[in-house]
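J.: Pasting the sequence and the predicted coordinates here, then a few questions.
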Amino acid sequence: EVQLVESGGGLVQAGGSLRLSCAASGFTFEDRAIGWFRQAPGKEREAVSCISSKDGSTYYADSVKGRFIISKDKAMRTMFLQMNNLKPEDTGVYYCNSFVGNTPVWGQGTQVTVSS
């Protein structure tokens, strides 16, 4: 079965750090685009960070540049989002994403709450 499972969310004070993980089963991330998205209460889901399948280039939303780092392990089965200097506006449900063929695959989401 093709699926993604996130972990690592939680409650943290402003200025703290969290590391999100996303484990793939049924496929690997080799030669696939991967990304992290988030959805805050009452807002639409937005892209936080992605890695291109074409050239491995990375994208970061302006709001997280310099604070978040996206990566994946050598086995190409787990992706990570290191989140530093967290702010209350980073609060939301974080989802990992990739593709199998042209079909997007989403994780179930992990809650990140940053208190002020």
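T.: Received the coordinates, thanks.
J.: Residues in contact with the strand or helix carrying Q82: which ones?
T.: Secondary structure from DSSP states H and E places Q82 in strand 78-83. Residues outside strand 78-83 that contact it (CB atoms under 8 Å, 6 or more residues apart in numbering) are 17-24, 29, 34, 36, 48-49, 64, 67-73, 90, 94, 96, 98, 112. All C-beta atoms are positioned from the backbone trio N, CA, C, and that covers glycine.
J.: Which of those residues fall within strands?
T.: 18-24, 34, 36, 48-49, 68-72, 94, 96, 98, 112 (DSSP state E).
J.: Return the set of buried residues in the strand holding Q82.
T.: The neighbour-count check on strand 78-83 (16 or more other CB atoms under 10 Å) flags T78, M79, F80, L81, M83 as buried.
J.: Then stretch 46-59?
T.: By neighbour count with 16+ other CB under 10 Å, stretch 46-59 contains the buried residues V48, S49, C50, I51.
J.: N85 - how many residues pack around it?
T.: A total of 13 residues lie near N85 under the criterion other CB atoms under 10 Å.
J.: next one: Y60
T.: Y60 has 17 nearby residues by other CB under 10 Å.
J.: same deal with G101?
T.: For G101, the neighbour count with other CB under 10 Å is 8.
J.: and which of the buried residues of strand 78-83 is nearest to G10?
T.: Nearest to G10 among the buried residues of strand 78-83 is M83, at 10.9 Å by CB to CB.
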